[in-house]
Structures are given as structure tokens and as C-alpha cells.
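Undergrad: predicted model and sequence below, questions to follow.
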Amino acid sequence: SPGLFSHYRYQYNMGKCGKGTGSFGLRHTKTHTLCRRCGKRSFHKQKTTCSSCGYPASKIRKYNWSVKAIRRKTTGTGRMRYLKVVQRKAKNGFQTTA
């Protein structure tokens, strides 16, 4: 009958289901979700830690063996909402209104 092997529906034409190509079609659960601090999809749901920024740890995750990653995340790569104001004030010698 057609319903006899219906539970094998997803494993047809995928070879022997080991850890390789065939089993990748069966993977549909998410281990990581969006991080509140860095916004990347790196927050591990079970461990409750971000693999990118280290949230909820108070210090940002950073390793010197990955110079490129530091370059991507460092000061000046974002908006610098406050620092660009401070730079302008420093250029003018921190004048006061008087």
C-alpha cells in the first residue's frame, strides 16, 4: 500500500542517511537566533550566549588572533552618534558659549 513507507518520504533519493549530503535536507531547526546587542544571527538559544559579541557578558568578545574581525567591529565602522560630535568640538578647542 502507498502509506506503508510514507514516513520515509523525506529520505528518498538522498542516499544513505549519515552525516553528509543526504542528511542536510532534514535539518530545519534553528540553533542560533538574533542577538540583542550586535544584531547578528549568532545568539545560541540553548547556551544563551552570542558567538559573535559574547552577550550577555559585559565585555565585548574580541580575540587578537582574528585581526580582520576586530577591524570590522571597531570604532568608526558604525554611526558614531556621539563621538563625531566630540571630534568636532575637539577640533575647535572645546569652546564654551560666552
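TA: Done, it's in.

Undergrad: would you map the strands across this structure?
TA: 32-33, 43-44, 49-50 (DSSP state E).

Undergrad: so which of these is the most surrounded?
TA: Highest mean neighbour count of these: strand 49-50, a mean of 20 (counted as mean count of other CB atoms under 10 Å). (Each C-beta comes from the backbone N, C-alpha and C, glycine too.)

Undergrad: please enumerate the helices of this protein.
TA: 21-24, 67-73, 83-91 (DSSP state H).

Undergrad: gap between the shortest one and the chain center?
TA: Pointing back at helix 21-24 there. Averaging C-alpha positions (CA atoms, centre = their mean, to the nearest Å) puts helix 21-24 24 Å from its chain's average.

Undergrad: need the CA coordinates for that helix. PDB is fine.
TA: Output of helix 21-24 as PDB, limited to C-alpha atoms (Å, rounded to 0.1, in the frame of the first residue of the first chain):
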ATOM      1  CA  THR A  21      24.800  15.500   1.900                       C
ATOM      2  CA  GLY A  22      21.700  13.400   2.400                       C
ATOM      3  CA  SER A  23      21.100  14.500   6.000                       C
ATOM      4  CA  PHE A  24      21.300  18.200   5.200                       C
END
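
Undergrad: fine, thanks again, bye for now.
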